[in-house]
Each structure stands twice: as structure tokens, then as C-alpha cells.
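# From the sequence below, what's the structure:
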Amino acid sequence: MKIRKLGYLGLFVFLLTASNFVGADQASEKDGRLIVNVTWGDSDNTPAENVLVEAHAYTFGTNAPSEKSTVLKATRQGRYESSLQPGLYDVFVSEATSVPRCKRVLIKAGEPRYWTLKLEIDDVYLQK
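Numbering: from 1, shown residues only. Sure thing, here's the model as predicted:
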């Protein structure tokens, strides 16, 4: 009897997990993806670590406009990404010793958007 209950429990967990994957696929079709590749700007194009990459969106609804920011996650060394709703975003890249950067990007449903940039050393940091 215990084996049969465990079998049903396993089937339930499998179905629950499978439905979560289906939901994730449906969300990804509605959303786009922003991928930012950041290097230190040296001759070897070394991937940059400990960089803050934030996408800031302005959404206009029926009421007052609202602001939404998303911090991109490092998926590997020098690569930062996130799933975003379609729209216009200001993308900010910041690192303590480098000049901050900003770029406006358009995110479309179901499409990845890439930005590759090299960091530049900040003279203000060098004067410190």
C-alpha cells in the first residue's frame, strides 16, 4: 500500500513540475530577454565580474505612469541577463572603477536583445 501511495505522490510531483515548465515557456513567449556581455576593456577582452546591470522601464497604463527596475543576474563570468516584458528600457551598467554606461534598448516579445560593451577606467577613481 505504501508503494502505491509513493507512486501517486511521484506522479503528482511530476505533473506539478511539468505544469511549471509549461507556464515558464508561455511566459517566455510573452517576454523578451536582455543579455549584456561586459568585458574589462583589456586586450584579452577579459569578462568583467561584480558589475551592476539594471534595466529601468517606464510603463504607461490607464492611470499615472509607473517605473520598474530589474537587476540582471550574472549567468556566467561577464554575462548578465534577465527576462523582461516587451517595452523600452534604459539599461545602466556600473562598476566601481569604471565609467558608468547607459543605453536605451527595445525589448520585443520572444526575442533576445544583446549589448556587448567594454568598460573604461574612470579618471575620477584614479584621482582618489
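
# So what does Asp31 look like in phi/psi?
phi -90, psi 160 (degrees, to the nearest 10).

# mind checking how far it is from Thr116?
To Thr116, Asp31 is 21 Å away according to CB to CB, to the nearest Å. For glycine as for every other residue, the C-beta is placed from the backbone atoms N, C-alpha and C.

# Pull the contacting residues for Glu111.
Glu111 makes contact with 32-33 under the criterion CB atoms under 8 Å, 6 or more residues apart in numbering.

# same thing with Ala109?
When the contact criterion is CB under 8 Å, 6+ apart, the partners of Ala109 are 29-32, 86.

# got the CA positions of stretch 36-45 in CSV?
What follows is stretch 36-45, C-alpha atoms only, in CSV (Å, rounded to 0.1, in the frame of the first residue of the first chain):
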residue,chain,number,x,y,z
VAL,A,36,24.6,42.1,-21.6
ASN,A,37,28.1,40.9,-22.1
VAL,A,38,30.7,43.1,-20.3
THR,A,39,34.5,42.9,-20.6
TRP,A,40,37.2,44.9,-18.7
GLY,A,41,38.3,46.5,-22.0
ASP,A,42,41.8,45.0,-21.9
SER,A,43,43.4,43.4,-25.0
ASP,A,44,42.2,40.0,-23.9
ASN,A,45,38.6,41.1,-23.5
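
# Checking my notes, His56 in a strand, right?
Yes. Assessed with DSSP: H, G, I helix; E, B strand; the rest coil, His56 lies in a strand.

# OK, contacts around it?
Going by CB under 8 Å, 6+ apart, His56 touches 67-69, 89-92.

# same thing but 6 Å
Residues in contact with His56 (CB atoms under 6 Å, 6 or more residues apart in numbering) are 69, 90.

# Per-residue pLDDT of it, please?
With respect to pLDDT, His56 scores 95.

# hey, what's it bridged with?
Counting by DSSP bridges, His56 is bridged to Ser69, Asp90.

# and what of Leu34?
In this entry, Leu34 is beta-bridged to Ser82, Arg113, by DSSP bridges.
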